[in-house]
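Visitor: predicted model follows, preceded by the sequence.
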Amino acid sequence: QLQVVESGGGLVQPGGSLRLSCAASTFALEDYAVGWFRQAPGKQREEIACIPYGGTYQNYADSVKGRFTISRDNTKNTMSLQMNSLKAEDTAVYYCGAVWRAAACVITSVNYWGRGTQVTVSS
């Protein structure tokens, strides 16, 4: 069964906002570094935001810094990605991922992936 499930994607105009959510069903996110990744057509999957295990800070890719905010709620076992000032180049399938007790969200180390949610930024 799916371990993590993303929601909240959709179609938005440039400059708009979306909030993505990710819920874990069979494990505790607080034991993991949690991150958001995206994959645009014809491109490799890339990490865009991460909260390390036990960390109170966030890391962001330069392409989204200042526009996206990652957060986690251990009491609800969820994580979120608030996306503001969206651009056409943000169009991609967005995935949440979890890495067991890690200091970083390395793609090759992700233990759990969701199926992804499509975000399309277009007028």
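Guide: Sure, I can see it.

Visitor: name whatever forms a beta bridge with the residue nearest the centre of the chain.
Guide: For the chain, the residue sitting closest to the mean C-alpha position, by CA atoms, centre = their mean, is residue 36 at 2.1 Å. Beta bridges link residue 36 to residue 49, residue 96, judged by DSSP bridges.

Visitor: hmm, it is touching residue 51, no?
Guide: No: the pair residue 36 / residue 51 is not scored as a contact, 9.7 Å apart, by CB atoms under 8 Å. For every residue, glycine as well, the C-beta is placed using N, CA and C.

Visitor: overlap of the contact sets of those two?
Guide: 70, 79 (CB atoms under 8 Å, 6 or more residues apart in numbering).

Visitor: list the contacts for the nearest residue to residue 88 once chain neighbours are set aside?
Guide: Leaving out its chain neighbours, the residue that sits closest to residue 88 by CB to CB, 6 or more residues apart in numbering is residue 121, at 5.1 Å. Contact partners of residue 121, counting by CB under 8 Å, 6+ apart, are 11, 12, 13, 14, 16, 86, 87, 88, 89, 90, 91.

Visitor: in the sheet, who's paired with residue 121?
Guide: For residue 121, the beta-bridge partners are residue 12 (DSSP bridges).

Visitor: same question for residue 79.
Guide: On the basis of DSSP bridges, residue 79 is bridged to residue 22, residue 72.

Visitor: pLDDT weak spots in the protein?
Guide: 1-2 (pLDDT under 70).

Visitor: would you map the helices across it?
Guide: Counting by DSSP state H, the chain forms no helices at all.

Visitor: which parts of it are strands?
Guide: Listed in chain order, the strands of the chain (DSSP state E) span 4-7, 10-12, 18-24, 32-39, 46-51, 59-60, 68-73, 78-83, 92-100, 112-113, 117-121.

Visitor: and these, which is most packed in?
Guide: strand 32-39 (a mean of 25; mean count of other CB atoms under 10 Å).
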